[in-house]
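S.K.: one predicted model, sequence on top.
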Amino acid sequence: MKNIVIIVGTRPNFIKAFPVREILSKYYNVTLIHTGQHYDSFMSDIFFHQLNCPKPDIHISLLEKTRAGKLDNFLYSGKFNKCKIKQTIKKLLIEENCGKLSEIRNLVEKELIKINPDLLLVFGDVTSTIASALAGYKLNIPIGHIESGLRSEDLKMPEEVNRILCDSISDIFFVTENSAIKNLYNSGINKNIFLVGNTMIDTQTKFINKINTIDYYKKLNLTKKQYVLVTLHRPSNVDCEKQLKKNISQLASLNETIIYPIHPRTKLKIQKLNLYYDNIKIIDPLGYFEFTSLMMNSKYVITDSGGIQEETTSLFIPCYTLRKNTERPYTLRENYGTNKLISSIDEIDNYNPEKNNNYLWDGKASNRILNQIDKFFRN
């Protein structure tokens, strides 16, 4: 029986990987490695508990205070050159002073040597994704990139650099939307590209009936469709004190009840700056079921997250993304989604989305991935 390793490291990875691991485990020896990129138990372990799935087979322990190295700083400073991908990959494979990226790469490499898998699967665009892909590439292990081909064309975003680099060394490309196919072709990749759909929506579809029974908004003394859910976490929106003040001030002026599940790091900044308003309720991070329940019963969502653009589109909830660009154009109103890009919170409008049929976002993406992996091994 073939051996497959699946890598996860962050909360979105867990949600995307759950249905893939579940179906592949029926036919292959599957090992799930958690890189520990999100090491807080509530930020990671709760997802395995709620989804009622086995915990990772291997949990890597990272140094909590690993600093960015020279190569980290170069990659994510906006100086990355798409014309020099091969040179960059070569540096990443030998450079030991690139902070968390090289730490994850080295630790994952040790585990891959022990397992010697026939296929390595990585998800999305986080540090764990590219670091683990580099480990597999170094060991000549075939790499499947789930959610490949997405592009924002913004090289100042670390995720964009990660996406480009990961696709450049992958062997199988599982894409969520048609734009990703075009992007891969434009980068010179023209084989083993499969439009399979969205595994995050697979998880949502599997648990939607259970989530419908939670009505978590009632526990916060809220009224259905009379509150706004906010998730802002990108450095451009929360790390700069001036921008954070602006965002919170504009949220306060919306004349809406605002629910803001917040990362501990951002919470400390808000405490320091005393950014408290009567209509903004700041709460701790939530589990998957609770958060999705709040999202589906909200009036609308304000976010800077890629995954939430997709989840709101699937749930037909209006979404405002506080970014200049998106790597997920399928989610935009002018295409198939409910999402609008805004540069400032005061650009929010009144919008009632119409229900669209989301092609391939039908809860069966994982089945399509299984079918393509079967064919890959047969060939």
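M.R.: Perfect, I can see it now.
S.K.: tell me where this structure has strands.
M.R.: Ranges of strands in the chain, per DSSP state E, are 3-8, 29-34, 58-59, 119-123, 143-146, 172-175, 193-195, 228-231, 258-261, 280-283, 300-303, 319-322, 339-342.
S.K.: what angle do the fourth one and strand 29-34 make?
M.R.: In this case it means strand 119-123. Interaxial angle, strand 119-123 versus strand 29-34 (axes from the mean of the first three to the mean of the last three CA atoms, to 10 degrees): 40 degrees.
S.K.: go ahead and confirm residue 340 touches residue 351.
M.R.: Yes - at 7.1 Å, residue 340 and residue 351 qualify as touching, with contact defined as CB atoms under 8 Å. C-beta coordinates here come from the backbone N, C-alpha and C atoms, glycine included.
S.K.: number of nearby residues for residue 355?
M.R.: For residue 355, the neighbour count with other CB atoms under 10 Å is 7.
S.K.: oh, and call the first residue 409 from now on, that's how I've got it
M.R.: That works, and once the first residue is 409, the last one we named lands at residue 763.
S.K.: how far away is it from residue 687?
M.R.: For residue 763, the distance to residue 687 equals 30 Å [CB to CB, to the nearest Å].
S.K.: find the residues that touch each one of residue 748 and residue 759.
M.R.: Here residue 748 and residue 759 share the contacting residues 726, 741, scored by CB atoms under 8 Å, 6 or more residues apart in numbering.
S.K.: more crowded one of these two?
M.R.: Ranked by neighbour count (other CB under 10 Å), residue 748 and residue 759 place residue 748 first, with 19 against 12.
S.K.: poorly predicted segments of this structure, please.
M.R.: For the chain, the stretches with pLDDT under 70 are 446-452, 471-488, 503-506, 765, 767.
S.K.: the longest helix in it is where?
M.R.: The helix that spans the most residues within the chain, counting by DSSP state H, is helix 507-523.
S.K.: which parts of that helix count as buried, going by neighbours?
M.R.: Judged by neighbour count (16 or more other CB atoms under 10 Å), helix 507-523 contains these buried residues: 507-513, 515-517, 519-520, 523.
S.K.: orientation of it relative to strand 527-531 in degrees?
M.R.: Note on geometry: by the same axes, to 10 degrees, helix 507-523 and strand 527-531 are set 150 degrees apart in direction.
S.K.: helices and strands around helix 507-523, which ones?
M.R.: The elements that helix 507-523 packs onto, with contact taken as 3 or more CB pairs under 8 Å, 6 or more residues apart in numbering; DSSP states H and E, are strand 411-416, strand 437-442, helix 478-483, helix 493-502, helix 535-546.
S.K.: run the last query once more with 7 Å
M.R.: strand 411-416, strand 437-442, helix 535-546 (3 or more CB pairs under 7 Å, 6 or more residues apart in numbering; DSSP states H and E).
S.K.: can you give me the angle the last one makes with strand 411-416?
M.R.: Relative orientation of helix 535-546 versus strand 411-416 (the same axes, to 10 degrees): 150 degrees.
S.K.: hmm, who's touching helix 535-546?
M.R.: Residues from elsewhere that reach helix 535-546 (CB atoms under 7 Å, 6 or more residues apart in numbering): 415, 417-418, 421, 443, 445, 500-501, 508-509, 512-513, 516-517, 520, 528, 530-531, 551, 570, 573-574, 577-578.
S.K.: now swap in stretch 750-770 and tell me
M.R.: Here stretch 750-770 makes contact (CB under 7 Å, 6+ apart) with 603-606, 609, 655, 658-659, 710, 721-722, 724, 726, 728-730, 732, 744, 746.
S.K.: from the residues you listed, which land in helices?
M.R.: Per DSSP H, those map to helices at 609, 655, 658, 659, 721, 722.
S.K.: test my guess that the last one contacts residue 610.
M.R.: Going back to what we said before, that points to residue 722. No - contact between residue 722 and residue 610 fails when scored by CB atoms under 7 Å: they sit 10.4 Å apart.
S.K.: ok so, going back, need the helices and strands packed on helix 507-523 in CSV (columns: mean neighbour count and distance to residue 736).
M.R.: Shown next, in CSV, are the helices and strands packed on helix 507-523 (neighbours: other CB atoms under 10 Å; distance: least, CB to CB, whole Å):
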stretch, mean neighbour count, distance to residue 736
strand 411-416, 26, 20
strand 437-442, 21, 25
helix 535-546, 26, 16
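S.K.: quick one: closest of these to residue 632.
M.R.: Relative to residue 632, the nearest member of these by CB to CB is strand 411-416, separated by 32.8 Å.
S.K.: and which of the ones in helices among the contacts of stretch 750-770 is nearest residue 780?
M.R.: residue 609 (17.7 Å).
S.K.: any idea how far residue 568 is from that closest one?
M.R.: Going from residue 609 to residue 568 by CB to CB gives 23 Å.
S.K.: again with residue 515
M.R.: 25 Å.
S.K.: residues in contact with the residue located most distally from the centre of the chain?
M.R.: Here the chain reaches farthest from its C-alpha mean at residue 686, the gap being 31.3 Å by CA atoms, centre = their mean. By CB under 7 Å, 6+ apart, residue 686 lies in contact with nothing.
S.K.: any idea how the protein splits into domains?
M.R.: Domain assignment for the chain by automatic domain parsing gives 411-606+769-786, 613-755.
S.K.: winner for burial among the ones you listed?
M.R.: Across these, averaging neighbours per residue (mean count of other CB atoms under 10 Å) puts domain 411-606+769-786 on top, at a mean of 19.
S.K.: got the end-to-end distance for that domain?
M.R.: Using CA to CA, to the nearest Å, the end-to-end distance of domain 411-606+769-786 comes to 14 Å.
S.K.: repeat for stretch 747-764
M.R.: From its first residue to its last, stretch 747-764 covers 13 Å (CA to CA).
S.K.: off-centre distance for it?
M.R.: Here stretch 747-764 is found 21 Å from its chain centre; the criterion is CA atoms, centre = their mean, to the nearest Å.
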